[in-house]
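In: Sequence and predicted model, in that order:
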Amino acid sequence: MALLQKSEEKPMTGEELLRHPELGPCELVGGRIEPMAPTGDEHGDVELEIGTRLRLYGKESKRGRAVSGEVGIYIRRNPDTVRAPDVMFISRERDVRPKSKGFFEVVPELVVEVLSPEDRIGKLKEKLKDYFSVGVLAAWVLDPSSRRLYVYRSLSEVTVFGEGEVLTDEELLPGFSVRISDLFEQG
């Protein structure tokens, strides 16, 4: 594909990336395209489940909104880095700009990543580092293979929730709760 850059080429911008949907799922890291594999059945179920629950929470509580589908968030400019979490939640306080057709320029409080079998921990840590560097307050990482949810408050502060537990976060999402096992049930 001609648009995949070689190391000596000029870095791509987020605006240029938006104009090239034919590249398929990818992120932009330091102006370079990083392809992402399409997700599988289980990943899609888990992503939709947590996204739906966060969306309903946002509507019912009127505290914010959830967005899913690997929506891009600008992390850095010149060269541009655009990360794409599976789901994110942004409060009404942070989400004050009108909706745009481009990537998010406002940082959400929460990002959610659902692990796929091919995901590597090193790449995940790079993404988490980027999210925290711009002001994300928490990252939830769901692992369908272990049926666990990892709540990161930083790269070094992580709480693990297993199937029999209930996730709550009164500081970030007052009134929100979900049984971990419910996130991994299909259908």
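Out: Received it, and whenever you're ready, just let me know what you need.
In: Who are the contact partners of the residue most central in space within the chain?
Out: The centroid of the chain falls nearest to residue 85 when counting by Cα atoms, centre = their mean (1.8 Å). Residues near residue 85 by Cβ atoms under 8 Å, 6 or more residues apart in numbering: 70-71, 73, 108, 111-113, 127, 131, 139. The way it works is simple: take the backbone N, C-alpha and C, and place the C-beta from them, glycine included.
In: how far is stretch 179-187 from where the chain is centred?
Out: Averaging C-alpha positions (Cα atoms, centre = their mean, to the nearest Å) puts stretch 179-187 19 Å from its chain's average.
In: what comes up buried for that stretch?
Out: Across stretch 179-187, burial judged by 16 or more other Cβ atoms under 10 Å covers 180, 183-184.
In: Give me the buried subset of the contacts of residue 85.
Out: Buried positions within the contacts of residue 85, assessed by neighbour count (16+ other Cβ under 10 Å), are 70-71, 73, 108, 111-113, 127, 131, 139.
In: if I pick the nearest residue to residue 91 once chain neighbours are set aside, what's in contact with it?
Out: The shortest distance from residue 91 to any non-neighbouring residue, by Cβ to Cβ, 6 or more residues apart in numbering, is to residue 64 (4.0 Å). With contact taken as Cβ under 8 Å, 6+ apart, residue 64 is in contact with 58, 89-95, 109.
In: can we see that at 7 Å?
Out: For residue 64, the contacting residues are 58, 89-92, 95, taking Cβ atoms under 7 Å, 6 or more residues apart in numbering as the criterion.
In: Including neighbour count, could those residues go into a markdown table?
Out: Converted to a markdown table, the contacts of residue 64 look like this (neighbours: other Cβ atoms under 10 Å):
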| residue | neighbour count |
| --- | --- |
| 58 | 21 |
| 89 | 30 |
| 90 | 22 |
| 91 | 18 |
| 92 | 12 |
| 95 | 18 |
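In: Farthest-apart pair in these, please.
Out: When Cβ to Cβ is used, the two most widely separated members of those are 89 and 92, lying 11.0 Å apart.
In: Just confirm residue 139 contacts residue 150, I think it does.
Out: No. Here residue 139 lies out of contact with residue 150, judged by Cβ atoms under 7 Å, at a distance of 8.3 Å.
In: Buried residues, the top helix by length along the chain. List them.
Out: Determined from DSSP state H, the single longest helix within the chain is helix 41-61. With burial defined by 16+ other Cβ under 10 Å, the residues of helix 41-61 counted as buried are 43, 45-47, 49-51, 53-55, 57-58.
In: what comes into contact with it?
Out: Among residues not part of helix 41-61, those counted as contacts by Cβ under 7 Å, 6+ apart are 64-66, 68, 86-87, 89, 112, 114, 116, 142, 144, 173, 175-176, 178, 183-184, 186.
In: In CSV, list the C-alpha atoms belonging to it.
Out: Extracted as CSV, the C-alpha positions of helix 41-61 are listed here (Å, rounded to 0.1, in the frame of the first residue of the first chain):
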residue,chain,number,x,y,z
ASP,A,41,-16.0,-12.2,17.8
GLU,A,42,-15.2,-12.3,21.5
HIS,A,43,-13.5,-9.0,21.4
GLY,A,44,-16.4,-7.4,19.7
ASP,A,45,-18.9,-8.8,22.3
VAL,A,46,-16.9,-7.5,25.2
GLU,A,47,-16.3,-4.1,23.6
LEU,A,48,-20.0,-3.7,22.9
GLU,A,49,-21.0,-4.8,26.4
ILE,A,50,-18.8,-2.3,28.3
GLY,A,51,-19.5,0.4,25.7
THR,A,52,-23.3,-0.1,26.1
ARG,A,53,-23.0,0.0,29.9
LEU,A,54,-21.0,3.1,29.9
ARG,A,55,-23.2,4.8,27.3
LEU,A,56,-26.3,4.0,29.4
TYR,A,57,-24.6,5.3,32.6
GLY,A,58,-23.7,8.6,30.8
LYS,A,59,-27.3,9.1,29.6
GLU,A,60,-29.0,8.1,32.9
SER,A,61,-26.6,10.1,35.1
